[in-house]
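# show me how the following folds:
(chains A, B, C and D)
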Protein chains: 2
Amino acid sequence: MPPDDPNPGKPAVVSHGPMADELGFHLRCAQLAAFKHFAHAVGAVEGITPGLYGMLQAIDNNPGLSQSALAVAMDVDRSSIVKVVDRLEGKGLIVRDASPTDRRRYRLHMTATGARALRRIQDAVIRQDRVFSARLDDTERATLIALLTRLYRPDSETPTARAGIGAES
Amino acid sequence: MPPDDPNPGKPAVVSHGPMADELGFHLRCAQLAAFKHFAHAVGAVEGITPGLYGMLQAIDNNPGLSQSALAVAMDVDRSSIVKVVDRLEGKGLIVRDASPTDRRRYRLHMTATGARALRRIQDAVIRQDRVFSARLDDTERATLIALLTRLYRPDSETPTARAGIGAES
DNA sequence: AGAAAAAGTTTGTTGGAGCAACAATTGGAA
DNA sequence: TTCCAATTGTTGCTCCAACAAACTTTTTCT
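Okay, the predicted model is just below:
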């Protein structure tokens, strides 16, 4: 116990003051908790991160995607994609398929084992997601998703479809 | 335009498939957007990150905090705190005050300029936070904060007070 | 044909976050 | 008291993610 603690009975913990009214603060805390939960429940088993999982989903739902398009979709630099694709390809989850019409381009595809792994991981993620949000009933959960979506997606056309990255190319 | 694109008219963008129903995904997207918004609106001006801002608030709201307590509160390693405190002290925002009763410990305090800077930054953050959540009315905003809070804080005693880090020391 | 742009890659840098080890100091147990 | 364990701050190291710049090859535009 700290000798300088003026109130030994109180929690002696950081009060976050005016940040309690800032949405960004709670967003940060919740996302941090979600990340930890993910890492513990899925990452420890499958050796994957939310980012990698998102990339796998992007490739699976958009076969033949180019690395640049994936970079735009994931909102990271092209050069950052290389290592990721290397890793996923090294694990045998995806393949770099040479485009027959554009010899610069690779078409990213899932392998059979990759598709199987993704299905397995996805089940784990969905299960983990439900555990993480267990304190919310279905209505609250849907409300939360809707509100979050309106935060980061200016146009809320289809509630459950594409995301807010435009790579019409 | 990619020669392999089967539908040149459509957005040709990543559909995120089943992730649309995962709360963690939307949490991640929203937090990423909030971080970027923060960096653009506040970080570019004050040269600060949400994490640094949180530390400043923690020190300001808990004067005399030790570095270890700050580390626990911020949920990072003690060694990571050193560089941060170095930076904040180098900027003249805080000071390492030697504890008179425990010669190992430093008591972190805001300087006058630090307190002034924090007030200025806080105003910018609050303004930025309102802009970021402009698509939500007050009720929706409060609902969102309440739902987020229940995600990462198991015990929801006071709705607007301390946060979920326990450092009873 | 020649310039401009795009796709993928390499290299280097930055920054954050963690772990292990350390000196100084404090607290408790024998 | 003496000695051992725990705590505090610190340094050094590693790892990893992300960006920027430069470069090669290829395609597209003029």
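# got the residues of chain A near DNA strand C?
Residues of chain A lying near DNA strand C by C-beta under 7 Å from any atom of the strand: A:3, A:66-69, A:78-79, A:81-82, A:85, A:96, A:102, A:104-106, A:169. Every residue, glycine included, has its C-beta placed from N, CA and C.
# so which strand or helix has residue A:109?
strand A:106-110 (DSSP states H and E).
# name the helices or strands packed onto that strand?
Judged by 3 or more C-beta pairs under 8 Å, 6 or more residues apart in numbering or on different chains; DSSP states H and E, the packing partners of strand A:106-110 are helix A:50-61, helix A:67-74, strand A:94-98.
# okay, the ones you listed in CSV with distance to residue B:123, mean neighbour count and mean pLDDT next?
As requested, these are exported to CSV (distance: least, C-beta to C-beta, whole Å; neighbours: other C-beta atoms under 10 Å in any protein chain shown; pLDDT from 0 to 100):
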stretch, distance to residue B:123, mean neighbour count, mean pLDDT
helix A:50-61, 33, 21, 93
helix A:67-74, 34, 20, 93
strand A:94-98, 47, 16, 93
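# so which of those gets nearest residue A:137?
Of all these, helix A:50-61 sits nearest to residue A:137, with 24.1 Å by C-beta to C-beta.
# report the central residue of chain A.
Central residue of chain A (C-alpha atoms, centre = their mean): residue A:50, 3.8 Å from the mean position.
# so that one makes contact with residue B:27?
No - under the criterion of C-beta atoms under 8 Å, residue A:50 makes no contact with residue B:27, lying 9.3 Å away.
# who are the packing partners of the lengthiest helix in chain A?
Longest helix in chain A by number of residues (criterion: DSSP state H): helix A:112-132. Applying 3+ C-beta pairs under 8 Å, 6+ apart, we find helix A:112-132 packed against helix A:23-38, helix A:44-46, helix A:50-61, helix B:23-38.
# residues in contact with the helix or strand of chain A with the lowest mean pLDDT?
Here the helix or strand of chain A ranked lowest by mean pLDDT, DSSP states H and E is helix A:44-46, holding a mean of 78. Here helix A:44-46 makes contact (C-beta atoms under 8 Å, 6 or more residues apart in numbering or on different chains) with A:117, A:120-121, A:124.
# now do the buried residues in it.
residue A:46 (16 or more other C-beta atoms under 10 Å in any protein chain shown).
# what do you get for stretch A:28-36?
Using 16+ other C-beta under 10 Å as the test for burial, stretch A:28-36 gives A:28-31, A:33-35.
# of the residues you listed, which is the nearest to residue A:152?
Distance to residue A:152, by C-beta to C-beta, is smallest for residue A:31 among the buried residues of stretch A:28-36, at 11.8 Å.
# which residues does the closest one contact?
Residue A:31 makes contacts with B:27-28, B:30-31, as judged by C-beta under 8 Å, 6+ apart.
# between those, which is nearest DNA strand C?
Comparing those against DNA strand C with C-beta to the nearest atom of the strand places residue B:31 closest, at 13.0 Å.
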